[in-house]
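> Pasted the sequence and its predicted model underneath.
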Amino acid sequence: QVQLVESGGGLVQAGGSLRLSCAASGRTFSTAPMGWFRQAPGKEREFVADISSTGVLTDYTDSVKGRFTISRDNAKKTVYLQLNILKPEDTAVYYCAGRGSYTTTSRAARDYVYWGQGTQVTVSS
């Protein structure tokens, strides 16, 4: 069983930065693709970024390309999401998610087995 705990959210002005962290428990972290999703009030959960188990492959939704960076440290069992040049439309609860071992990355939330509790990111204009 894998548990995911996010941290690093908060209130920031437009143009600012935040770094989200997701700490994982369990022995399978290093073999599992990881992703970040977000959900704004009244909207469906949407894909933000994902990263392969080795960290070599990454993918981003178009609206965050060039501003957000996903990374991971398998020794620390942690995945990160660096958020730069934040915009008010980035305001949402951000969720960390993990797929099963030896699977591929995916943009579909239904493909993820493990989910964190979420961390709130609020960007003021």
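Nice, thanks for sending it over. Just so it is clear, the model here is predicted, and its values are computed rather than measured.
> so how many other residues sit close to residue 29?
By the criterion of other C-beta atoms under 10 Å, residue 29 has 24 neighbours. Backbone N, C-alpha and C define where each C-beta goes, glycine included.
> next one: residue 49
Neighbours around residue 49, by other C-beta under 10 Å: 24.
> show me what contacts the residue nearest to it when sequence neighbours are not counted?
Spatial nearest neighbour of residue 49, excluding adjacent residues (C-beta to C-beta, 6 or more residues apart in numbering): residue 70 at 4.1 Å. Contact analysis of residue 70 by C-beta atoms under 8 Å, 6 or more residues apart in numbering lists 34, 36, 49, 50, 51, 58, 60, 79, 80, 81, 82.
> Kindly report the same for residue 77.
Contacts of residue 77 (C-beta under 8 Å, 6+ apart): 23, 24, 25, 26, 29, 30.
> Which of these are buried, as a ChimeraX select command?
Applied in ChimeraX, the following selects the buried portion of the contacts of residue 77 according to 16 or more other C-beta atoms under 10 Å:
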select :23,24,29
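> does residue 63 count as helix, strand or coil?
Counting by DSSP: H, G, I helix; E, B strand; the rest coil, the backbone at residue 63 sits in helix.
> tell me the contacts of it?
Residue 63 makes contact with residue 89, according to C-beta under 8 Å, 6+ apart.
> Does the residue nearest to residue 49 lie in a helix or a strand, and which?
strand 68-73 (DSSP states H and E).
> With just CA atoms, put that strand into PDB.
Output in PDB follows, covering the C-alpha atoms of strand 68-73 (Å, rounded to 0.1, in the frame of the first residue of the first chain):
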ATOM      1  CA  PHE A  68       5.700  24.400 -13.900                       C
ATOM      2  CA  THR A  69       8.300  21.700 -13.500                       C
ATOM      3  CA  ILE A  70       7.800  18.200 -12.200                       C
ATOM      4  CA  SER A  71      10.700  16.300 -10.700                       C
ATOM      5  CA  ARG A  72      11.300  13.400  -8.400                       C
ATOM      6  CA  ASP A  73      13.800  12.100  -5.900                       C
END
